[in-house]
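K.L.:
sequence-free structure coming up:
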């Protein structure tokens, strides 16, 4: 059982809630618009979770291979890291990630063939962005593009993709609703990069906080968090969201406490705390969409 536990921990399953939320928002908005298939939803969700797991594995593989991650780095201090701890071998992690990518590609081709070739375009962007996040030749995470990619993937592309699978059409309202979701997921990476700014600078990595400075990075973190809530408030009152979505504001005290903490000192688990905020925010948003569809 230990080996299965190591693989589960290496895939970082606690991060899958962000994927589940983005897929669910797109699917629920499609249901409100008149189309919903539970099997398609579950198939899409499973495919995206597998892609997320592949991304996490290949990210860890190249971070360890390049010497970016080691046992003294902050990430290894608050979460299990079976690869660094020697419980998994690098070639094993690489091989399993390739296998997961193969599964995603086959599933994506099936969705493209049955639901529309727009899925192929979205899927290609997703797989390429996922793999080259830390893998050569691009390694764009190390060139201040990580936050933008995460915003794009877990925001417009994933939410619109989930909607398209159900409706075989894209939606402007879905695009607008996806923006605060993508922004909050991007803040998970931004918190990570703010925490690791000294370590990353020593390694020659150019993350966004290094490019714009620690203080401006903190300001950007707080600004995007505030804008995410303001966007939901505006869309709840003016559309395309309904007034039900104001329940998302229930999570604002959590956001306020986290922003104050980040302003004072970046917590060691700042990315994990931001992910928890994203989960609460997302669950409330999905709940509000369901309530709006019912009533």
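P.N.:
Yep, it's here. Since the model is a prediction, treat every value here as computed from it, not as a measurement. Residues are numbered from 1 along each chain as shown.
K.L.:
next structured bit after the helix or strand where residue 7 lies?
P.N.:
Per DSSP states H and E, residue 7 falls inside helix 2-10. Scanning forward in sequence from helix 2-10 by DSSP H and E, the next helix or strand is helix 16-32.
K.L.:
distance from the helix or strand hosting residue 179 to the middle of the chain?
P.N.:
With secondary structure defined by DSSP H and E, residue 179 is part of helix 172-195. Helix 172-195 sits 8 Å away from the centroid of its parent chain (Cα atoms, centre = their mean, to the nearest Å).
K.L.:
likewise stretch 92-107?
P.N.:
That offset, for stretch 92-107, works out to 19 Å (Cα atoms, centre = their mean).
K.L.:
buried sites along it?
P.N.:
Buried residues in stretch 92-107, counted by 16 or more other Cβ atoms under 10 Å: 92-94, 96-97, 100-101, 103-104, 107. Just so you know, the C-beta spots here come from the backbone N, C-alpha and C atoms, and that holds for glycine as well.
K.L.:
contacts for it next, please.
P.N.:
By Cβ atoms under 8 Å, 6 or more residues apart in numbering, the list of residues contacting stretch 92-107 from outside reads 7, 10, 43, 46-47, 50-51, 53-54, 57-58, 60-61, 83, 123, 127, 130-131.
K.L.:
which positions in the helix holding residue 7 come out as buried?
P.N.:
Buried, per 16+ other Cβ under 10 Å, within helix 2-10: 6-7, 9-10.
K.L.:
stretch 277-286 too?
P.N.:
Those would be 277-286, for stretch 277-286 by 16+ other Cβ under 10 Å.
K.L.:
in helices only, show me those.
P.N.:
277-286 (DSSP state H).
K.L.:
least trustworthy helix or strand in this structure by mean pLDDT?
P.N.:
helix 75-78 (a mean of 62; mean pLDDT, DSSP states H and E).
K.L.:
and residue 36, which of the three is it?
P.N.:
Put simply, residue 36 is coil when judged by DSSP: H, G, I helix; E, B strand; the rest coil.
K.L.:
that one contacts residue 26, doesn't it?
P.N.:
No - judged on Cβ atoms under 8 Å, residue 36 makes no contact with residue 26 at a distance of 10.8 Å.
K.L.:
between those two, who's got more neighbours?
P.N.:
residue 26 (29 against 16; other Cβ atoms under 10 Å).
K.L.:
list the contacts of the residue nearest to that one when sequence neighbours are not counted.
P.N.:
The shortest distance from residue 26 to any non-neighbouring residue, by Cβ to Cβ, 6 or more residues apart in numbering, is to residue 162 (2.9 Å). Residues near residue 162 by Cβ under 8 Å, 6+ apart: 22-27, 30, 41, 44, 48.
K.L.:
ok, residue 237 next?
P.N.:
So residue 237 contacts residue 243 (Cβ under 8 Å, 6+ apart).
K.L.:
helix or strand for it, which one?
P.N.:
Counting by DSSP H and E, residue 237 is part of helix 214-238.
K.L.:
same question for that helix: list its buried residues.
P.N.:
217-218, 220-222, 224-225, 228-229, 231-233, 235-236.
K.L.:
how far does it sit from the chain's center?
P.N.:
17 Å.
K.L.:
so that helix versus helix 172-195, what angle?
P.N.:
Here helix 214-238 points in a direction 160 degrees away from that of helix 172-195 (axes from the mean of the first three to the mean of the last three Cα atoms, to 10 degrees).
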